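S.K.: I'd like to go over a predicted model; first the sequence, then the structure.
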Amino acid sequence: MSQILAISEGAAIAMHTVVLLALHKDELLTTHFMSEELKVSENHCSKILQRLAREGLIEAVRGPKGGFRLAVEPRKLRLLDIYNAIEGKLCEKHCLFKVDKCPAEKCLFYELTSEINRMVRDFLENNTVYDAVRKGTFKIIKKMEE
């Protein structure tokens, strides 16, 4: 069965790695550690981290004790910023068919897809990395605020 909401694996990895970095704000995290934690390909994770670093959202530290850390305050980093860094500007698609021009005069799903697109955009625009962490346990909030 297909998904209604399709956020790419790359965008999902990016958001989750940034949340991991926020949870471990005083540490440098390696690609290996993050890929193990998220149970994703280390190569794919590495490519995502490099893109986030190029966009200035995270910082890469080279060397034997190197790794990655956040370059932006979690309260100021919106989930939409992370999404855009990986996927480019969020564009709203209304047609469930993968065609340039719909053969229908009026799309059967237009109202539904418009509402879902609005909800996704609002969620990504109005939630920060801090908000994503805050929705976890109290221990997580405490660790981040220390």
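M.R.: Nice, thanks for sending it over.
S.K.: would you list every one of the helices in this protein?
M.R.: 9-23, 31-38, 42-54, 79-87, 110-126, 129-134, 138-145 (DSSP state H).
S.K.: Burial check on Phe68, number of neighbours?
M.R.: 25 (other C-beta atoms under 10 Å). Using the backbone N, CA and C atoms, a C-beta is placed for each residue, glycine as well.
S.K.: Among the helices of the chain, which comes closest to Ala71?
M.R.: Nearest to Ala71, of all the helices of the chain, is helix 42-54, at 7.9 Å by C-beta to C-beta.
S.K.: buried ones in that closest one?
M.R.: Neighbour-count burial for helix 42-54 flags Cys45, Ile48, Leu49, Leu52, Ala53 (criterion: 16 or more other C-beta atoms under 10 Å).
S.K.: doesn't Phe68 make contact with the third one?
M.R.: Same thing as Leu49. Yes. Counting by C-beta atoms under 8 Å, Phe68 is a contact partner of Leu49 at 5.7 Å.
S.K.: Overlap in contacts, these two.
M.R.: Listed as contacting both Leu49 and Phe68 by C-beta atoms under 8 Å, 6 or more residues apart in numbering are Thr17, Thr31, Met34, Ile58, Ala60.
S.K.: out of those, which is most surrounded?
M.R.: Neighbour counts for the shared contacts of Leu49 and Phe68 peak at Ile58, which has 26 neighbours (criterion: other C-beta under 10 Å).
S.K.: give the contact list for that one.
M.R.: Contact analysis of Ile58 by C-beta under 8 Å, 6+ apart lists Thr17, Val18, Leu21, Leu49, Leu52, Phe68, Arg69, Leu70, Ala71.
S.K.: do that again at 10 Å, thanks
M.R.: 14, 17-18, 21, 29, 48-52, 67-72, 77, 82, 85 (C-beta atoms under 10 Å, 6 or more residues apart in numbering).
S.K.: could you dump the helices of the chain to TSV with distance to Pro103 and mean pLDDT?
M.R.: Formatted as TSV, the helices of the chain follow (distance: least, C-beta to C-beta, whole Å; pLDDT from 0 to 100):
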stretch	distance to Pro103	mean pLDDT
helix 9-23	30	94
helix 31-38	41	92
helix 42-54	36	97
helix 79-87	28	95
helix 110-126	14	88
helix 129-134	40	90
helix 138-145	49	43
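S.K.: Perfect, I'm done here.
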